[in-house]
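Asks: Provided below are the primary sequence and the corresponding predicted coordinates.
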Amino acid sequence: MTDPTIPRRRFLQGAAVAATAALQAQDTKLHLGIIGVGKRGTAHLTRIVERPDVIVSAVCDIDPSARDAGQSAARADRPRSHADYRELLRQDDVEAVLIATPCHLHAEMVVAALRAGKHVYCEKPLAITADQVRTVLEAARSSPRVFQVGQQLRNSPHIQEIARQIHEEGLIGTPLVVKAQRHSTPSRPEDRSESGSGRQRRFPGWYNDVRLSGDLIVENAVHNLDVCNWLAGSRPSRAFGHGRRYLPEPMPAGTVMMDGFSVEYVYENDAHLDYSQLYLQPRAMRKLPNGQWFVVYGDKGAIEIDYVAWTFFDLYGDSEPEEHRADDGVDLTQLAHDDFLRAIREGSPPAAGVDIAATAALTGIMGRESIYQRRMVTWQEMGVPI
């Protein structure tokens, strides 16, 4: 006679084994290699070395002083040092890589890392040309490893709640129009340098070279454009814009990094976005606020958003506006690292996966090409299926 308790006993034993394996997986430290330990890579590294669940097994940079500084920062883990990222990828104990190199190198390095069997966290943008985006998409979709892009606003509880209010709660009704800006005051002429535009003089030389950075709209505005796509609940079908280097003297777009541009996007769901980014904002101007903000208009009202608060305005004033403050002290880089580790251990997708990364990069590339070519550019012209 068959004992009916045996299947249940085996089930419980199997569940216990699975639970133990899950706990052990969470206790296992991830061996990470960092490719690029300049300004942004160092910002990542200083947080990672404080994590108890990560071992920095390797650092890589073409600059010997950067490599030495990276090794020193992670000295407790005794990482190996490499000048060539391919050598790091051949290091067997490296399970995942974090890429924080100049933008034109992202696609090449991501593809190589995925093909080497590594999990990949790559700084934004995913790529600076449509062909590069396509190549990364193909590699990521054929790899079982986790890919995450450093579009950290996807990990912001503040922006996540706003997106939930719009798309799940229907707070503003149907999103119809998004207006957004990223404005700041330029540096004074005596402080300005051609190694960067306006305040961008703090950045390395490659940043101002549009062939290496992808220009301001791709390297920098990709964060803001990604949020606009998220709030609109769609992706652009076409774009038209204008921009140039305005200061210290006008230079046409495509020569050096722009310090101002505006782009109009029309979305597939027929919403549209009006986005501008200018380093021309006088400090004393008040009617048009400085800084970064978004407004999403719907058929029930609008949400006014910045990175510290959001406020809903009823279309006809039937309710009083109420401000909702973001939590203080949120470290988005830390949250992005948490998400990457969780995705690896749980096998679940990160908040900023490859499709989001590709859509954001292509949004910037479309806008850039419309500025450079002085015409409307369509999503179909990108030739990248997402």
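Replies: Happy to help now that I have it. Residues are numbered from 1 along each chain as shown.

Asks: tell me the pLDDT at residue 190?
Replies: Model confidence at residue 190, given as pLDDT, is 71.

Asks: quick one, phi psi at it?
Replies: Backbone torsions of residue 190, given as degrees, to the nearest 10, read phi -70, psi -20.

Asks: please report how far it lies from residue 373.
Replies: Distance, residue 190 to residue 373, by Cβ to Cβ, to the nearest Å: 35 Å. In short, each C-beta sits where N, CA and C put it, glycine included.

Asks: the two - which one has more neighbours?
Replies: Between residue 190 and residue 373, counting by other Cβ atoms under 10 Å, residue 373 is the more crowded of the two (12 against 5).

Asks: gap between that one and residue 367?
Replies: 11 Å.

Asks: for residue 165, same thing?
Replies: From residue 165 across to residue 367, the span is 27 Å (Cβ to Cβ).

Asks: got it, and residue 264?
Replies: Here the criterion is Cβ to Cβ. By it, residue 264 lies 9 Å from residue 367.

Asks: domain-wise, how is this structure divided?
Replies: Domain assignment for the chain by automatic domain parsing gives 5-150, 154-328+354-382.

Asks: just the residues contacting stretch 377-386, thanks.
Replies: Counting by Cβ atoms under 8 Å, 6 or more residues apart in numbering, stretch 377-386 makes contact with 130, 133-134, 137, 235-240, 268, 355, 358-359, 362, 365-367, 369-370, all of which sit outside it.

Asks: give me the buried entries from these.
Replies: 130, 133-134, 137, 235-240, 358-359, 362, 365-367, 369-370 (16 or more other Cβ atoms under 10 Å).

Asks: in helices only, show me the residues you listed.
Replies: 130, 133-134, 137, 358-359, 362, 365-367, 369-370 (DSSP state H).

Asks: what do residue 264 and residue 367 both touch?
Replies: 239, 241, 275.

Asks: how about the second one, what does it touch?
Replies: Right, residue 241. Residue 241 neighbours (Cβ under 8 Å, 6+ apart): 261-264, 367, 370-371.

Asks: which one of the residues you listed has the most neighbours?
Replies: residue 367 (28 neighbours).

Asks: quick check: which element contains the closest residue to that residue other than its chain neighbours?
Replies: Among residues not flanking residue 367 along the chain, residue 263 sits closest, at 4.1 Å (Cβ to Cβ, 6 or more residues apart in numbering). According to DSSP states H and E, residue 263 maps onto strand 260-267.

Asks: counting contacts, what elements does that strand pack onto?
Replies: With contacts taken as 3 or more Cβ pairs under 8 Å, 6 or more residues apart in numbering; DSSP states H and E, strand 260-267 sits against helix 216-219, strand 236-245, strand 272-278, helix 354-373.

Asks: mind putting these into a markdown table with distance to residue 106 and mean pLDDT?
Replies: As requested, the helices and strands packed on strand 260-267 are exported to a markdown table (distance: least, Cβ to Cβ, whole Å; pLDDT from 0 to 100):
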| stretch | distance to residue 106 | mean pLDDT |
| --- | --- | --- |
| helix 216-219 | 10 | 98 |
| strand 236-245 | 21 | 98 |
| strand 272-278 | 21 | 98 |
| helix 354-373 | 9 | 98 |
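
Asks: what are the bridge partners for residue 325, then?
Replies: Beta-bridge partners recorded for residue 325 (DSSP bridges): residue 309.

Asks: residue 313 too?
Replies: Bridge pairing for residue 313 - DSSP bridges - gives residue 302.

Asks: and the helix or strand hosting residue 211, what's buried?
Replies: Using DSSP H and E, residue 211 maps to helix 210-213. Residues 210, 212-213 are the ones in helix 210-213 that count as buried (16+ other Cβ under 10 Å).

Asks: what's next to it, contact-wise?
Replies: 102-104, 128, 206-207, 219, 254-257.

Asks: out of those, which are buried?
Replies: 102-104, 128, 206-207, 219, 254, 256-257.

Asks: list just the nearest of the residues you listed to residue 171.
Replies: Using Cβ to Cβ, residue 219 is the member of those that lies nearest residue 171, at 32.6 Å.

Asks: now the closest one, nearest residue through space, not along the chain?
Replies: residue 213 (4.4 Å).

Asks: for that neighbour, give me the pLDDT.
Replies: With respect to pLDDT, residue 213 has a value of 97.

Asks: which element, helix or strand, includes residue 97?
Replies: With DSSP H and E as the criterion, residue 97 is inside strand 96-99.

Asks: and the helix or strand that comes right after that strand, how far from the chain's centre?
Replies: Toward the C-terminus, strand 96-99 is succeeded by helix 106-115 as the next helix or strand (DSSP H and E). Between the centre of helix 106-115 and the centre of its chain there are 17 Å (Cα atoms, centre = their mean, to the nearest Å).

Asks: can you check stretch 220-238 too?
Replies: Put simply, stretch 220-238 sits 11 Å off its chain's centre (Cα atoms, centre = their mean).
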